[in-house]
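J.: attaching a predicted model along with its sequence, questions to come.
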Amino acid sequence: MRQLTGGIEFLFKKNGVEYVQGWGKFLGNGEVEVNGEEETSVVKGKNIIIATGSIPSPLPPLPVDNSQFKIVDSTGALGEFD
């Protein structure tokens, strides 16, 4: 998974896009408050992208088993599991 996020971070840097990670809250008027691991900041911009990520929701009768390739989640489908 790190390979995927690392590729996105590279493209952001290459194209002058500021990357901020944390919990965000819209303040309005092109502002987002971001609570990061160590600090809280306000990001201002004309164009702001919020990428929420995801967590798979397993179905009780069909547990995810990425290592056996029988029932995989999105991470397993990409071959990015431990």
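T.: Great, that's in hand. Numbers count the residues shown, from 1 in each chain.
J.: give me the below-cutoff pLDDT ranges for this structure.
T.: 1-6, 79-82 (pLDDT under 70).
J.: go ahead and flag the most central residue of it.
T.: For the chain, the residue nearest the mean C-alpha position is G53 (3.7 Å; C-alpha atoms, centre = their mean).
J.: and that residue, what does it touch?
T.: Not one residue lies near G53 by C-beta atoms under 8 Å, 6 or more residues apart in numbering. In short, each C-beta sits where N, CA and C put it, glycine included.
J.: state the helix or strand in which it lies.
T.: If you go by DSSP states H and E, G53 is not part of any helix or strand.
J.: got it, and T75?
T.: Using DSSP H and E, the element containing T75 is helix 74-77.
J.: helices or strands up against that helix?
T.: The helices and strands touching helix 74-77, judged by 3 or more C-beta pairs under 8 Å, 6 or more residues apart in numbering; DSSP states H and E, number zero.
J.: G7 in helix, strand or coil?
T.: State at G7, reduced to three classes by DSSP: H, G, I helix; E, B strand; the rest coil: helix.
J.: neighbours around it, how many?
T.: 10 (other C-beta atoms under 10 Å).
J.: distance of it relative to K14?
T.: 11 Å (C-beta to C-beta, to the nearest Å).
J.: check contacts around the nearest residue to G45 once chain neighbours are set aside.
T.: The spatial neighbour of G45 that comes closest, neighbours along the chain excluded (C-beta to C-beta, 6 or more residues apart in numbering), is G30 at 5.8 Å. For G30, the contact set (C-beta under 8 Å, 6+ apart) comprises K44, G45, K46, I48.
J.: any idea how far the nearest residue to the first one once chain neighbours are set aside is from S41?
T.: Going back to what we said before, that points to K44. Setting aside the residues directly before and after it, K44 is nearest to E31 in space (C-beta to C-beta, 6+ apart), at 5.2 Å. Per C-beta to C-beta, E31 is found 11 Å from S41.
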